[in-house]
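Asker: need a structure here:
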Amino acid sequence: GRCLHILLGLANKWLPDLTAAETPDAPVVKMFEFWIGALWLTLYRPEDKPTKRPEVFANTKRTYWTVTPLFADALRHRPRQTQSLLVLLQQLMEMHDAQHANVRELAL
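Answerer: Prediction:
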């Protein structure tokens, strides 16, 4: 709960700077790449086994393998945080500029 709260606050604070970033090497772009990794590690369960998922391959063109992206128990009792998280991820997926390509792909 607390970790997710901190991650959401950080992302919401820096989202305008990400939108304004001009290169894929901008520090704020790299911060969001790290942020998405930290988010998935927060929600990932070690007992989840990687599975082959064609829909992931269709979106990224790089890999079939993935784990269950959301730790359901971590989000089930936090509807407001879950909604904020999904809205934020949707905003990241809707970024179409070249400098946001890695962030968009990671958000998928």
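Asker: would you list every one of the helices in this protein?
Answerer: Taking DSSP state H as the criterion, the chain carries its helices at 2-20, 27-43, 54-60, 72-76, 79-93, 101-107.
Asker: any chance of these in CSV, plus mean neighbour count and mean pLDDT?
Answerer: To be clear about C-beta, it is placed using only N, CA and C from the backbone, and glycine gets the same treatment. CSV is the format used below for the helices of the chain (neighbours: other C-beta atoms under 10 Å; pLDDT from 0 to 100):
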stretch, mean neighbour count, mean pLDDT
helix 2-20, 14, 89
helix 27-43, 17, 87
helix 54-60, 12, 56
helix 72-76, 13, 56
helix 79-93, 15, 82
helix 101-107, 18, 85
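Asker: wait, Q81 touches L4, no?
Answerer: Yes. Counting by C-beta atoms under 8 Å, L4 is a contact partner of Q81 at 5.4 Å.
Asker: what is the burial count for A26?
Answerer: 16 (other C-beta atoms under 10 Å).
Asker: out of everything not next to it in sequence, what's closest to A26?
Answerer: Q99 (6.8 Å; C-beta to C-beta, 6 or more residues apart in numbering).
Asker: ok, L89 next?
Answerer: A107 (5.1 Å).
Asker: just L15 next, same as before
Answerer: Q91 (6.8 Å).
Asker: isn't that neighbour up against P16?
Answerer: No. The criterion here is C-beta under 8 Å, and Q91 misses it with P16 at 10.9 Å.
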